[in-house]
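*Asks:* sequence isn't available, so here's the structure alone:
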């Protein structure tokens, strides 16, 4: 049976105007202004959106699906993120990872949670590894994990320029990046090394050195949290001019803090004339946001959710930026970097992942894989252990 959506203000993510969508079998079958010819007997769901905005489902490429944290003892380990922790915020695709705690949390845990989210209706992948080298893996090899495990698309989040990292050297990081790149070629996957950037003054020095002194292509390196220091963000913008894609984190920034919020970083990136396709935004959802003093002691901890994506979108639109300029960093840019070929766009043949926004650009309806997850702001599909 088919779903017909009419009078939708379509963003694919480029603006298409008012039009129609026909969905079936978990796929987009038709998108466009012209009214499609559909046998009414085949339509089980006929939805008139009366001009409401529809975009591709949002993609959050940096989430702690098993729960993050643990930097101040076992009691600070965050719990796993339930299904509606994503869908409420318009997120229909996630890439899960391990962070500081890659000791009590393992690749096996991560894979199990990734597959659980798939069973519950979300599109989910994961990075193999965590902060520290040698990386935690399932098969004993980064390359083997990427090649042989369906939902593993790269490695991360490997920490550099951070007091919590394993302080990897040039040769170690070069060898790891090579393993990831070759694994991507063999498996036709992203083959991306997702790098956690800390507050350390070395910043992106190691990445710049790898790009200068090896044959590894720029697309292999995907540094995240690059807006955590203003100086680091300037360095990341320069890196984007050389075809690397950089990732901004939608975390809270206090007044006077030496950091850029995600909306501020988006604006600065575009003001500097950086390539629009070389920016992604993620949330660190499910993870803790610890603050450390100069001795590495945690003094405060906050918690991240995928609400950062629609929140960033609303803020940028409220500042006067067109929606079709903002959406790519949460949809098509992410899909292109990660080679998620059926994601990030409203085109015939793509997966039926949709977000409908109200007039204030708040999430109203969400569909994932052709199945309604959120209707009128309320979950109609929940995870197994959600009330």
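*Replies:* Done, it's in. Nothing here was measured: the structure is a model prediction, and the numbers come from that model.
*Asks:* strands of the stretch 1-150 of the chain, residue ranges please.
*Replies:* Assigned by DSSP state E, counting those that start in this stretch, the stretch 1-150 of the chain shows strands spanning 2-11, 15-24, 27-32, 43-48, 53-56, 58-63, 91-96, 123-128.
*Asks:* next: the stretch 151-300 of the chain.
*Replies:* Assigned strands in the stretch 151-300 of the chain, in chain order: 152-160, 192-197, 221-224, 246-249, 279-282, 288-292, 298-303 (criterion: DSSP E, counting those that start in this stretch).
*Asks:* now mean neighbour count, mean pLDDT and distance to residue 21 too, for these, in a markdown table please.
*Replies:* Heads up, the C-betas are built off the backbone N, CA and C, glycines and all. Compiled in a markdown table, these are given as follows (neighbours: other C-beta atoms under 10 Å; pLDDT from 0 to 100; distance: least, C-beta to C-beta, whole Å):
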| stretch | mean neighbour count | mean pLDDT | distance to residue 21 |
| --- | --- | --- | --- |
| strand 152-160 | 27 | 97 | 28 |
| strand 192-197 | 26 | 98 | 31 |
| strand 221-224 | 26 | 98 | 31 |
| strand 246-249 | 26 | 98 | 30 |
| strand 279-282 | 26 | 98 | 25 |
| strand 288-292 | 17 | 67 | 37 |
| strand 298-303 | 12 | 70 | 35 |
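*Asks:* so what's residue 94 bridging to?
*Replies:* In this entry, residue 94 is beta-bridged to residue 60, residue 124, by DSSP bridges.
*Asks:* list the residues that contact it.
*Replies:* 59-61, 63, 65, 86, 117, 122-125, 285, 306 (C-beta atoms under 8 Å, 6 or more residues apart in numbering).
*Asks:* of those, closest to residue 182?
*Replies:* Comparing the contacts of residue 94 against residue 182 with C-beta to C-beta places residue 125 closest, at 18.8 Å.
*Asks:* so which of the strands of the stretch 151-300 of the chain gets nearest residue 42?
*Replies:* Residue 42 lies closest to strand 152-160 among the strands of the stretch 151-300 of the chain, at 35.3 Å (C-beta to C-beta).
*Asks:* name the helices or strands packed onto the closest one?
*Replies:* Packing contacts for strand 152-160, counted by 3 or more C-beta pairs under 8 Å, 6 or more residues apart in numbering; DSSP states H and E, involve strand 123-128, helix 142-148, helix 170-187, strand 192-197, strand 221-224.
*Asks:* how about these, which one is nearest residue 371?
*Replies:* Closest to residue 371 of the helices and strands packed on strand 152-160 is strand 123-128 (C-beta to C-beta; 11.4 Å).
*Asks:* which other helices and strands does the closest one contact?
*Replies:* Other elements packing on strand 123-128 under the criterion 3+ C-beta pairs under 8 Å, 6+ apart are strand 91-96, helix 107-119, helix 142-148, strand 152-160.
*Asks:* give me the distance from that strand to the chain's centre.
*Replies:* Distance, stretch centre to chain centre, for strand 123-128: 10 Å (C-alpha atoms, centre = their mean, to the nearest Å).
*Asks:* so that strand versus strand 192-197, what angle?
*Replies:* Angle, strand 123-128 to strand 192-197, by axes from the mean of the first three to the mean of the last three C-alpha atoms, to 10 degrees: 70 degrees.
*Asks:* domain assignment for this structure?
*Replies:* In terms of domains, the chain is parsed into 2-55+340-379, 58-338 (source: automatic domain parsing).
*Asks:* among these, which is the most enclosed?
*Replies:* domain 58-338 (a mean of 20; mean count of other C-beta atoms under 10 Å).
*Asks:* quickly, which of the strands of the stretch 1-150 of the chain bottoms out on average pLDDT?
*Replies:* Per-stretch mean pLDDT for the strands of the stretch 1-150 of the chain is lowest at strand 43-48 (a mean of 92).
*Asks:* and of the contacts of residue 94, the nearest to residue 102?
*Replies:* Checking these against residue 102 by C-beta to C-beta gives residue 65 as the nearest, at 14.0 Å.
*Asks:* that concludes my questions; thank you for your assistance.
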